[in-house]
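Q: generate a structure from the sequence data that follows.
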Amino acid sequence: MIASYYGANIPLEFIRKSCGEQRGGVTFLHIRKAANLIGLETAEIQIDVENLREVVDLPCILHWSARHYVVLYRISVSRGKTFYHIADPAYGKIKLKEQDFLEKWYPGGQEFGYAVAFDIADEEKLYQKHQKSSRGENYLWQQILQFKNTIIATTFILFITGLLSYGTVRTNQWLIDLGILKKDHMLIIGIVAFLFIASISKVISEVLHQFIIQKSANKLFIANLRKFLKRLTIITPRFFEQHKISELVQKMDDHNKIEEFNTQVFPQLIFNFSMYIFYSIILFPINTYLFFWMLLYSFLSAGWMSIFNEKKKLINYQRYDVDVDQTSFLYEFIIGMQEIKLYQGVENRLNSWEGKQQKEYAINLRAFRLNSIESLGFKTLGILNLCCFTAIGAMMVTRNELSLGQFFSIAFIVGQLSVPIEFLSTFFNSYINAHISGKRINSIYAKEKETAANDYNQIQKLNTVDTQSHYISFRNISFSYDALTMAPVLQHFDLDLKIGEVTAIVGESGSGKSTIAKILLRLLAVDQGEIFYGSQDLSEVAPDHWRKICGAVFQDGMIFSDSIINNICLDQSSVDLERVKWACEVAEINSYINTLGSGYRTNLSQSGINLSKGQYQRLLIARAVYNTPEILIFDEATSALDAKTECRVMENLWKHFEEKTVVIIAHRLSTIINADQIIFMKNGQVAEMGTHRQLMQMRGGYFDLFSYQVSEVTC
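A: Just a heads-up that it's a prediction; the model follows:
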């Protein structure tokens with residue numbers, strides 16, 4: 001909105017990317033960064049309302065209700081009172097009196113608020129053209145084109161149904177004028193027979209119409225949802241750390257709204273529009289006054305309903321946010337039931353849920369009021385239309401300008417002309433939902449994706465990764481989860497991991513150990529620096545190809561609702577049972593699996609069995625070693641195991657991965673004493689490096705850490 005004020009057309013996705021999407025939202029620093037990138041300079045100020053009116057150029061951004069941001073785009077004075085015009089993402093454009101404005105802007109009763117003022121700094125940046133996503137606003141239209149065959153078929157069937165309806169009405173006119181009034185019994189029987197055949201034909205047409213819709217809609221819905229899920233798999237992993245699961249689930253549900261619009265509403269719109277033109281052509285020569293009255297009624301009705309479209313869009317956005325919040329809450333409520341009951345949090349969580357329900361109720365109430373006002377105005381116009389037609393038609397019958405049968409025929413035509421107009425309300429609602437859903441889905445397609453292997457011309461680089469070189473090298477690596485508001489986790493970081501050896505990384509919590517593992521696996525993109533595998537720059541290797549030679553176990557690894565064998569071998573195109581058994585032996589879980597009735601086919605879903613934390617971790621280890629990767633990364637992979645089992649697992653790893661590159665991140669130092677190299681991390685830097693004996697002799701940070709963990713068992 002700020003950029004638009006200065007005459008610049010900046011895509012919303014570019015602004016979001018510039019701010020840096022975070023679960024915790026944006027700050028003034030993020031706003032400044034985005035503004036600078038598009039050629040605007042900012043001034044973040046603490047100011048009172050008098051100076052806001054006199055000093056600050058509008059539009060500006062205000063920190064609102066101490067939790068989000070709004071745009072103040074106008075200040076007006078009417079009858080001696082000052083009004084503030086706000087654009088709020090949660091409520092749209094609103095007009096507030098000064099007292100109401102200050103309650104929202106002044107935090108905690110203070111006498112000042114926070115604002116961001118803008119000015120042009122670089123016109124070239126501001127007015128440069130930005131490339132929009134190729135799917136952009138055309139997403140809904142692209143979906144309609146996918147349904148074009150279905151739309152053509154269903155529209156044709158609806159057209160045939162409409163002709164049958166018109167034929168029925170004309171037949172009813174003859175029934176009255178020629179059959180009943182002239183007492184022609186044979187004609188009456190013939191007309192009734194035709195009406196029977198026409199009615200059966202209409203029923204068959206409607207069934208055929210529904211069948212075509214269900215068949216094609218289901219097929220295309222599955223195809224589109226699969227394409228959406230496939231897209232999620234190639235988006236950079238960082239995306240999933242910035243968005244809630246419930247938000248993605250709601251975006252999947254958006255496909256239903258688009259399917260409904262494409263298969264039901266849009267064909268009905270084409271049919272209704274065609275019938276409107278068809279019946280208008282019939283009505284015009286019969287009575288010009290009625291024709292123009294219906295035309296006026298149509299424009300008035302369409303204009304009345306269009307007034308509410310923007311407010312309906314706003315309610316759609318609000319309802320989406322509430323639905324995401326509700327879904328997220330219920331997911332956490334069910335998953336966290338043990339903690340809630342253990343720490344007497346039931347009432348608090350239920351009260352929180354009730355508060356969310358109140359928000360949803362308030363939105364539904366606003367929607368009800370809006371729909372009621374729209375419906376009241378529309379129905380009033382409809383009643384007025386009916387009364388005018390009845391009066392005009394009845395007077396024409398009394399003047400013998402129309403027969404009684406013609407009057408009923410015209411009544412049918414007017415009724416049919418009213419149907420498309422009444423349908424406009426359904427169309428507008430469905431279109432708004434589908435259009436906004438399309439924009440939300442498109443936001444996923446607009447996200448940055450990981451580089452695919454076939455995106456490079458030098459394919460040989462992907463197929464000849466240098467495994468004979470000596471080190472995996474980190475060079476001048478800097479990384480932060482949010483460069484504007486958080487200190488870097490790693491800064492100018494250098495490290496060499498010897499290929500074919502076991503390297504342990506230890507240190508205090510928050511020192512960057514797990515971050516190193518995720519960067520190595522290309523799950524996080526560095527802000528600065530390079531990583532080499534031997535002489536090969538990993539930035540030139542597709543992430544998927546790189547991960548094929550890696551295996552990893554993280555603290556928060558996922559076990560799926562599937563069989564044990566399918567959990568170990570996720571690529572089910574080539575399952576090797578003997579290798580699965582070998583992997584389970586390495587992970588020391590084979591003996592447990594053999595005690596289960598279904599063995600490796602045992603299902604681990606909610607209807608299956610429950611695993612202990614130790615068994616859970618051992619399955620993750622079995623999955624990681626199944627493909628005997630060249631590089632194996634353990635991040636607290638044995639933290640839930642008892643010391644004896646942990647020793648056996650580690651001994652198996654030393655035995656079977658003797659010439660592989662193994663990186664172990666551990667807090668329990670007894671597991672890594674025999675590592676070829678131990679890295680002690682502190683504040684995102686390598687503080688100490690060497691073997692266990694060398695580090696103990698240094699009597700530094702590693703020595704202190706180990707002294708707190710004197711263990712009777714070593715591996």
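Q: ranges for the helices of the stretch 51-200 of the chain?
A: 98-105, 123-126, 139-146, 148-174, 185-234 (DSSP state H, counting those that start in this stretch).
Q: ok, residues contacting stretch 148-160?
A: The list of residues contacting stretch 148-160 from outside it, by Cβ atoms under 8 Å, 6 or more residues apart in numbering, reads 144, 205, 208-209, 212-213, 216-217, 220, 262-263, 266-268, 270-271, 274-275. The C-beta positions use only the backbone N, C-alpha and C, and glycine is treated the same way.
Q: got it, and stretch 697-712?
A: Taking Cβ under 8 Å, 6+ apart as the rule, stretch 697-712 contacts 506-508, 643, 668-670, 678, 680, 682, 687-688, 690, 695-696.
Q: any stretches of the stretch 51-200 of the chain with poor pLDDT?
A: 90-92, 107-109, 129-140, 147, 162, 166, 169-170, 172-173, 176-177, 179-182 (pLDDT under 70).
Q: how about 80 then?
A: By pLDDT under 80, the low-scoring segments of the stretch 51-200 of the chain are 65-68, 88-93, 107-110, 122-188, 190-192, 194-195, 197-199.
Q: local confidence estimate at Phe329?
A: Predicted confidence (pLDDT) at Phe329: the value is 89.
Q: contacts only, for the nearest residue to Arg32 once chain neighbours are set aside.
A: Leaving aside its sequence neighbours, Arg32 sits nearest to Thr42 (Cβ to Cβ, 6 or more residues apart in numbering; 4.7 Å). Residues in contact with Thr42 (Cβ under 8 Å, 6+ apart) are 31-32, 35-36, 116-118.
Q: how about 6 Å then?
A: 32, 35, 116, 118 (Cβ atoms under 6 Å, 6 or more residues apart in numbering).
Q: now these in JSON lines, with neighbour count and distance to Gln536?
A: Output for the contacts of Thr42, formatted as JSON lines (neighbours: other Cβ atoms under 10 Å; distance: Cβ to Cβ, whole Å):
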{"residue": "Arg32", "neighbour count": "18", "distance to Gln536": "38"}
{"residue": "Ala35", "neighbour count": "23", "distance to Gln536": "39"}
{"residue": "Val116", "neighbour count": "20", "distance to Gln536": "45"}
{"residue": "Phe118", "neighbour count": "21", "distance to Gln536": "46"}
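Q: ok, so of these, who is nearest Leu417?
A: Phe118 (51.3 Å; Cβ to Cβ).
Q: how many residues are close by the nearest residue to that closest one once chain neighbours are set aside?
A: If the residues on either side of it in the chain are set aside, Phe118 comes closest to Leu40, at 5.0 Å by Cβ to Cβ, 6+ apart. Leu40 has 22 neighbouring residues, counting by other Cβ atoms under 10 Å.
Q: what about Leu40, distance to Ile15?
A: As judged by Cβ to Cβ, to the nearest Å, Leu40 and Ile15 stand 11 Å apart.
Q: so which of the helices of the stretch 51-200 of the chain gets nearest Arg319?
A: helix 139-146 (18.8 Å).
Q: packing partners for the closest one?
A: Helix 139-146 sits against helix 404-445, with contacts defined as 3 or more Cβ pairs under 6 Å, 6 or more residues apart in numbering; DSSP states H and E.
Q: tell me which residues in the longest strand along the chain are buried?
A: Secondary structure of the chain per DSSP state E: the longest strand is strand 68-78. Across strand 68-78, burial judged by 16 or more other Cβ atoms under 10 Å covers 69-73, 75.
Q: ok, now stretch 374-391?
A: By neighbour count with 16+ other Cβ under 10 Å, stretch 374-391 contains the buried residues 374, 377-378, 381, 385, 388-389.
Q: now, the residues you listed that are in strands?
A: Using DSSP E, none of the buried residues of stretch 374-391 sit in strands.
Q: next, the distance between the ends of stretch 34-49.
A: Stretch 34-49 has an end-to-end distance of 26 Å (criterion: Cα to Cα, to the nearest Å).
Q: averaged pLDDT, it. What do you get?
A: Averaged across stretch 34-49, pLDDT comes to 85.
Q: how far does it sit from its chain's centre?
A: 30 Å (Cα atoms, centre = their mean, to the nearest Å).
Q: do the same with stretch 394-409
A: Centre to centre, stretch against its chain (Cα atoms, centre = their mean), the figure for stretch 394-409 is 58 Å.
Q: before we move on, back to that, quick check: PyMOL command selecting the buried ones in the contacts of stretch 148-160.
A: Listed next is the PyMOL selection for buried residues among the contacts of stretch 148-160, using 16+ other Cβ under 10 Å:
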select buried, resi 144+205+209+212+213+216+217+220+262+263+266+267+268+270+271+275
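Q: if we can go back for a sec, quick one: closest of the helices of the stretch 51-200 of the chain to Gly557.
A: When the helices of the stretch 51-200 of the chain are compared (using Cβ to Cβ), the closest one is helix 185-234, at 17.5 Å.
Q: show me what that closest one is packed against.
A: By 3+ Cβ pairs under 6 Å, 6+ apart, helix 185-234 packs against helix 148-174, helix 245-260.
Q: dump those helices into TSV; add mean neighbour count and distance to Gly80 as well.
A: Below are those laid out as TSV (neighbours: other Cβ atoms under 10 Å; distance: least, Cβ to Cβ, whole Å):
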stretch	mean neighbour count	distance to Gly80
helix 148-174	17	58
helix 245-260	18	46
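Q: Asp325 is nearest to which of these?
A: helix 245-260 (7.5 Å).
Q: pLDDT on the following helix or strand past the closest one, on average?
A: As assigned by DSSP states H and E, the chain's next helix or strand after helix 245-260 is helix 266-286. Averaging pLDDT along helix 266-286 gives 80.
Q: how close does Ser4 get to Leu158?
A: Separation of Ser4 from Leu158 (Cβ to Cβ) stands at 41 Å.
Q: taking helix 404-445 as reference, get the angle to the helix of greatest length in the chain.
A: Longest helix in the chain, counting residues (DSSP state H): helix 346-398. Counting by axes from the mean of the first three to the mean of the last three Cα atoms, to 10 degrees, helix 346-398 lies at 150 degrees to helix 404-445.
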